[in-house]
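Visitor: Fold the following.
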Amino acid sequence: MNKIKITYTVIAISIPEYSKRDGCLYNCTLGYCHESQSIIRVYPVPIVGMKKWRTYRIEVERNKRDTREESWKLSGNSKYENWTDFGKDVLDIGKMERSIGINAILKTNQYTKNALVEDNNQGKVKLSDFGLYLHDF
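Guide: Sure thing, here's the model as predicted:
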């Protein structure tokens, strides 16, 4: 598997779930990849460590069990040591302001403002999953 380093801003963090594979508790994140200017999913991540609207430099790779284009897995070895070296694998660059984050999401062309609001109203997506609210628009 090819590993790549990306700059990644966390927009949403899932509720922790136990892995079917190893029984450990993990989170999944949704965020903005600055290199591809797209919304991607990164997992597994520890239940503590990554925060919403923070930007990180991380190494990711494809997961052969997940063929979704937007899905990546955190490739750090610290997972196998209970995330004890998480700080070595993940560099915290800083906080992204929500207004910049909203514009970044809209620049991906994956969503327009109207489509995002419409999908929210139809229950297809929750703006709150992105850390957003209708008054942000």
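Visitor: who touches residue 36 in this structure?
Guide: Residues near residue 36 by Cβ atoms under 8 Å, 6 or more residues apart in numbering: residue 6. Where C-beta positions appear, they are placed from N, C-alpha and C, glycine not excepted.
Visitor: Doesn't it belong to a strand?
Guide: No - per DSSP: H, G, I helix; E, B strand; the rest coil, residue 36 lies outside any strand segment and is coil.
Visitor: Could you give the backbone dihedrals for it?
Guide: Here is the backbone geometry of residue 36 (degrees, to the nearest 10): phi -90, psi -10.
Visitor: any idea how far residue 59 is from it?
Guide: 15 Å (Cβ to Cβ, to the nearest Å).
Visitor: what about the strands in this protein?
Guide: 3-13, 17-18, 25-33, 38-45, 54-61, 71-74, 91-95 (DSSP state E).
Visitor: ok, residue 15 - contacts?
Guide: Listed by Cβ under 8 Å, 6+ apart, the contact partners of residue 15 are residue 27.
Visitor: Go again with 6 Å.
Guide: With Cβ atoms under 6 Å, 6 or more residues apart in numbering as the criterion, no residue contacts residue 15.
Visitor: Need the pLDDT of it.
Guide: As predicted, residue 15 sits at a pLDDT of 83.
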